[in-house]
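Visitor: quick one: sequence plus predicted model below, questions after.
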Amino acid sequence: MRVLVVDDDTELLELVERALVRDGQEVDTSTSAEEALQRIRRNPPDILVLDLGLPGLSGEELCGRMRALSSSPAILILTAQSAVASRVRCLDAGADDYITKPFAVAELRARIRALARRAIQPPRPRTWRAAGVELDFAKRRALRDGEEAPVTSGEWVILEALVACPGAVVSRTELLQHGKTAPGRAAGASLEVLIGRIRRKLGGELVRTVRGQGYALVVPTSEGEP
Amino acid sequence: MASTISTRVLIVAVSSAALGALAAALVTIAAVDQLLSVQADQRLQGAVVELGGELDEGHRPLTDKRLILELDDENGEIAPSGIRLGVFRDGARVAGEAVGAMPESGRCLTSGSLGDRVRACARGHGELMLVAAARADELKLRGIYLVAVLGALLLGAGCGAALSSRLGRWAVAPLRQLADTLCQSRPERAMAIDLGPPSNCQDVESIRKALSGLMKHVDVLLNHAHRFAADAAHELRTPLATLRAELELLAEELQSDHRQSLDRATQKVTRLAELVERLLVLALPTQKVAGGFETIALEDVVTSVVGELPESERGRLRIDCDDEGLVRGDSYLLETLVVNAIDNALKHGGSAAITVRVTGSKDPFESVFEVIDQGPGLGNVDKTRVFEPFYRGKRLGAGGHGLGLALVGHIAEVHGGHAEFRTAETGVHLTVSLPAWTPRADLPESEDIRTD
């Protein structure tokens, strides 16, 4: 995997590079967003590790430009912001995941590996409409018959994993794996409990059980926007 | 001695009413006295004129002997009215009775000592002076005066007391209004406290203005404090990240004999990073950062936190969730809340089982998270101060930064809820109430929550 790390703090940049190289990644570094853009144009990476607080062109703007590209790298944001604002801000900017400073090296590596796995998959839809349910993954807002339903973050993680392969069966193992590496904390509840709750809140038809194989999201009646 | 303004108004009203009544009573008494003496004088002068007429009737020469007989006769007749008559010549009594001091002709005079006062009126009759006198019935009058004064005092005081409660309420109303406004408003920023419209009572208006100025000042100071805490923690993060990564990589690269000390250093840096994170949470403004909130089940947070505890600690907890405990919140913050609440009970709650409970309440519509231990309790520790940062009571002394409960309280407030210690017979009963999840028509734009 080719990883491009962008941070204006050269010491941290060097450390992240060392950590990822030891993990067997091919690493390139850059201290500004402008320089990073040039490198991406010349040689696009698979994963972009990006500090938000860059001088000049900000990390958020760079994120936005990446999303406009036809094949954009998976983006992991390094943020020195408080954990409270980070999730929304990073995911709003179009990042796939974020990690707050100061982070554990092991966690950074785990996130990069998870992103690498996901980078192979096709991009998942941002919204989903089926069985009278409307899911907005960007805003994490679920409507059932037009009324908002209380879907928790743990339940969203399951829905996100299911929507990544629309209509196809996702195995229990894959769902559990996804729960462990999803941005933010997964719920402590078991998979069965979470699926049960999703059905109670959004109706029994949305997620179907495929005996012995796993779960699948019902195919939409009209195609959701990509 | 502490007193309310109403009490002060009562005292002033009662005493001024009593004083007023006393003055009125005295004036009335003086007037009545005057009226009575005018009446008495008329009676006495009438008697003198009548005596003069009697003496003139006979045209006989008025010998002293005849005068004596005549006056004995007259005195006998007039006796029931209490009037005594006397006739004087050159200041010496010729006939009749003694009448005290002698007034001038055509005048009246009071003489004698207290309790034996005599009023006398005189009139010249040729070379003679005719005098009519009567004892002033003072004792009887004094009784009446006393009753009048006492009555006036009581009546005045009574009226004052009756009026004062209304008067007091009226006078204090603008102040009360200001106090109520202050008590009711619990906004997150001093500036946001609404002191209501300007008061038409000048004194209250000056207090209102002074308070408003003070709040502006406090607000600026608090803002500075918040910003400083946030900036300081923020600036510490990148160097901490560098330090932590450096240590971790070094530990990977070095031989085993240095690993232990490196691990210790890493632990210390991790702990320092946690402290910075906690300070940053405490520096969060308590106005809701609701824009970034997601739907969270407190039950899930509890399960997740308990799941990460070592087996020995997990075994002491009894989880009792009869509700999902749905709230809108920040998952990181709520996890910090639950971790610290449970940690507090594990550290100080004795060795007996600890109950962790999630319930829902309808009125008010809340999700409630409780941690109940059977430990030694809070003792004399101030139940509200335990939520202050770095407050260390007897119970809170063992280890930690003294921030655990402060985080619990602050995070509850950030979510529009509150944390409190309920009274329990044994142990400690920590209750965190958060507004329950409700559907929201429009989600605010995420820009709203860019707080830092």
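Guide: Yep, that arrived. Numbers count the residues shown, from 1 in each chain, chains lettered A, B, ... in the order given.
Visitor: tell me where chain A has strands.
Guide: Applying DSSP state E to chain A gives strands spanning A:2-6, A:26-30, A:47-51, A:74-79, A:97-100, A:127-130, A:133-136, A:141-144, A:147-149, A:207-210, A:214-217.
Visitor: with chain B instead?
Guide: B:83-89, B:92-96, B:108-111, B:118-125, B:128-135, B:294-297, B:317-321, B:326-329, B:354-361, B:366-372, B:418-422, B:429-435.
Visitor: ok and the fourth one relative to strand B:83-89, angle-wise?
Guide: In other words, strand B:118-125. Strand B:118-125 runs at 50 degrees relative to strand B:83-89, counting by axes from the mean of the first three to the mean of the last three CA atoms, to 10 degrees.
Visitor: and strand B:118-125, what's buried?
Guide: B:118-123, B:125 (16 or more other CB atoms under 10 Å in any protein chain shown). C-beta coordinates here come from the backbone N, C-alpha and C atoms, glycine included.
Visitor: for residue B:305, which non-adjacent residue is spatially closest?
Guide: residue B:338 (4.7 Å; CB to CB, 6 or more residues apart in numbering or on different chains).
Visitor: wait, the one you found touches residue B:357, no?
Guide: No - counting by CB atoms under 8 Å, residue B:338 does not reach residue B:357; the two are 11.8 Å apart.
Visitor: higher neighbour count, those two?
Guide: Neighbours of residue B:338 and residue B:357, each counted by other CB atoms under 10 Å in any protein chain shown, are more numerous for residue B:338; the result is 24 against 19.
Visitor: contacting residues around that one?
Guide: Going by CB atoms under 8 Å, 6 or more residues apart in numbering or on different chains, residue B:338 touches B:298, B:301-302, B:305, B:369.
Visitor: and if we set it to 10 Å?
Guide: Neighbour list for residue B:338: B:298, B:301-306, B:356, B:358, B:369, B:371, B:408, B:411, B:432 [criterion: CB atoms under 10 Å, 6 or more residues apart in numbering or on different chains].
Visitor: before we move on, what about residue B:309?
Guide: B:315-317, B:339, B:342-343, B:346.
Visitor: phi, psi for it please.
Guide: The phi and psi values for residue B:309, taken as degrees, to the nearest 10, are phi -80, psi 150.
Visitor: overlap in contacts, residue B:338 and residue B:357.
Guide: Contacts common to residue B:338 and residue B:357, judged by CB under 10 Å, 6+ apart, are B:298, B:302, B:369, B:371.
Visitor: across the sheet, point out what pairs with the last one.
Guide: Pointing back at residue B:371 there. residue B:356, residue B:430 (DSSP bridges).
Visitor: isn't it right up against residue B:344?
Guide: Yes - between residue B:371 and residue B:344 a contact is recorded at 7.4 Å, counting by CB atoms under 10 Å.
Visitor: so for the two, which sits in the more crowded spot?
Guide: Regarding residue B:371 and residue B:344, a neighbour count based on other CB under 10 Å identifies residue B:371 as having more, with 26 against 22.
Visitor: pull out the buried positions in stretch B:16-35.
Guide: For stretch B:16-35, burial by neighbour count (16+ other CB under 10 Å) applies to B:17-18, B:21-22, B:25, B:29.
Visitor: closest to residue A:148 out of the strands of chain B?
Guide: strand B:294-297 (8.9 Å; CB to CB).
Visitor: re the thing from before, dump the buried residues of strand B:118-125 into CSV; add distance to chain A as well.
Guide: Supplementary listing: the buried residues of strand B:118-125 in CSV, determined by distance: CB to the nearest CB, whole Å:
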residue, distance to chain A
B:118, 102
B:119, 99
B:120, 104
B:121, 104
B:122, 108
B:123, 111
B:125, 117
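Visitor: wait, what's in contact with the closest residue to residue B:417 other than its chain neighbours?
Guide: What sits nearest to residue B:417 in space, not counting adjacent residues and going by CB to CB, 6+ apart, is residue B:434, at 3.7 Å. Going by CB under 10 Å, 6+ apart, residue B:434 touches B:296, B:298, B:325-329, B:334, B:337, B:366-369, B:411-412, B:415-419.
Visitor: where do the contact lists of residue B:371 and residue B:344 overlap?
Guide: B:354, B:408, B:428, B:430.
Visitor: from those, which is closest to chain A?
Guide: Comparing those against chain A with CB to the nearest CB picks out residue B:408 as the nearest, at 15.9 Å.
Visitor: what about residue A:154, distance to chain B?
Guide: 5 Å (CB to the nearest CB, to the nearest Å).
Visitor: again, but for residue A:29
Guide: Distance, residue A:29 to chain B, by CB to the nearest CB: 14 Å.
Visitor: let me see the contact set for that residue.
Guide: Applying CB under 10 Å, 6+ apart, the residues near residue A:29 are A:3-7, A:10, A:13-14, A:16-17, A:20, A:35-36, A:39, A:49.
Visitor: ok, of those, which one's closest to chain B?
Guide: residue A:16 (7.0 Å).
Visitor: that closest one against residue A:108, yeah?
Guide: Yes - the pair residue A:16 / residue A:108 is scored as a contact, 7.0 Å apart, by CB under 10 Å.
Visitor: shared neighbours of the two, anything?
Guide: With CB under 10 Å, 6+ apart as the test, residue A:16 and residue A:108 both reach A:49, A:78, B:241, B:245.
Visitor: still on that earlier bit, among the shared contacts of residue B:371 and residue B:344, which two are most distant?
Guide: By the measure CB to CB, B:354 and B:408 form the most distant pair in the shared contacts of residue B:371 and residue B:344, at 15.0 Å.
Visitor: any idea how far the longest helix anywhere in chain A is from the chain center?
Guide: In chain A, taking DSSP state H as the definition, the longest helix is helix A:105-120. Its chain's C-alpha centre lies 11 Å from the corresponding centre of helix A:105-120 when counted by CA atoms, centre = their mean, to the nearest Å.
Visitor: who does that helix touch, helix- and strand-wise?
Guide: Here helix A:105-120 touches strand A:2-6, helix A:10-22, strand A:47-51, strand A:74-79, strand A:97-100, helix A:172-181, helix B:202-253, going by 3 or more CB pairs under 10 Å, 6 or more residues apart in numbering or on different chains; DSSP states H and E.
Visitor: list the buried residues in that helix.
Guide: By neighbour count on 16+ other CB under 10 Å, the buried set for helix A:105-120 is A:105, A:108-109, A:111-115, A:118-119.
Visitor: next one: stretch B:273-281
Guide: Within stretch B:273-281, judged by 16+ other CB under 10 Å, the buried ones are B:273, B:276-281.
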